[in-house]
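Peer 1: next come a sequence and a model predicted from it.
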Amino acid sequence: QVQLVESGGGLVQAGGSLRLSCAASGRIFSNVGVGWFRQTPGKEREFVAAISWNGRFTSYADSVKGRFTVSRDNAKNTVFLQMNSLKPEDTAVYYCAAGSTLQETSAYNYWGQGTQVTVSS
């Protein structure tokens, strides 16, 4: 069993930065891929980024490529999402999920509760 808790969300001006954290409990966390997703009201949850269990493989949605960076520290059971050059369209609830590196939400077994990111123009 894996429990995930996101933190680091907040309100930031366009062009600013935030660093999200996804802290996990459970011994298997260091052996599985982790993804970041985001969702706005009335829309489906969309893929943002993913990282393999050892950090050697990462993938990004086209909309965040070059601005966001995913990383992990398995010793601390934590995955990070560094978000730079934020845009108002990045405003969403951000979720981390464990169990895959695919872009489909159905590929993930465990989800956090989400953290709100709001980017003002």
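Peer 2: Yep, it's here. If you're wondering where the values come from, they're calculated on a predicted model, not measured in any experiment. Numbering: from 1, shown residues only.
Peer 1: tell me the mean pLDDT for stretch 69-77?
Peer 2: Stretch 69-77 carries an average pLDDT of 96.
Peer 1: now it: buried residues?
Peer 2: Neighbour counts using 16 or more other C-beta atoms under 10 Å place Thr69, Val70, Arg72, Asn77 of stretch 69-77 among the buried residues. Every C-beta, even on glycine, is put in place using the N, C-alpha and C of the backbone.
Peer 1: could you find the closest non-adjacent residue to the most centrally placed residue in the chain?
Peer 2: Relative to the mean C-alpha position of the chain, the nearest C-alpha, by C-alpha atoms, centre = their mean, is the one of Trp36, at 2.7 Å. When the adjacent residues along the chain are set aside, Trp36 lies closest to Val48, with 4.3 Å between them (C-beta to C-beta, 6 or more residues apart in numbering).
Peer 1: against Cys22, how distant is the one you found?
Peer 2: According to C-beta to C-beta, to the nearest Å, Val48 and Cys22 sit 12 Å apart.
Peer 1: now do the shared contacts for these two.
Peer 2: With contacts defined as C-beta atoms under 8 Å, 6 or more residues apart in numbering, the residues adjacent to both Val48 and Cys22 are Trp36, Leu81.
Peer 1: related to what we said a few turns ago, could I get the buried residues of stretch 69-77 in CSV, plus columns for distance to Phe57?
Peer 2: Putting the buried residues of stretch 69-77 into CSV (distance: C-beta to C-beta, whole Å) gives the following:
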residue, distance to Phe57
Thr69, 14
Val70, 10
Arg72, 11
Asn77, 19
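Peer 1: I appreciate the help and will end here.
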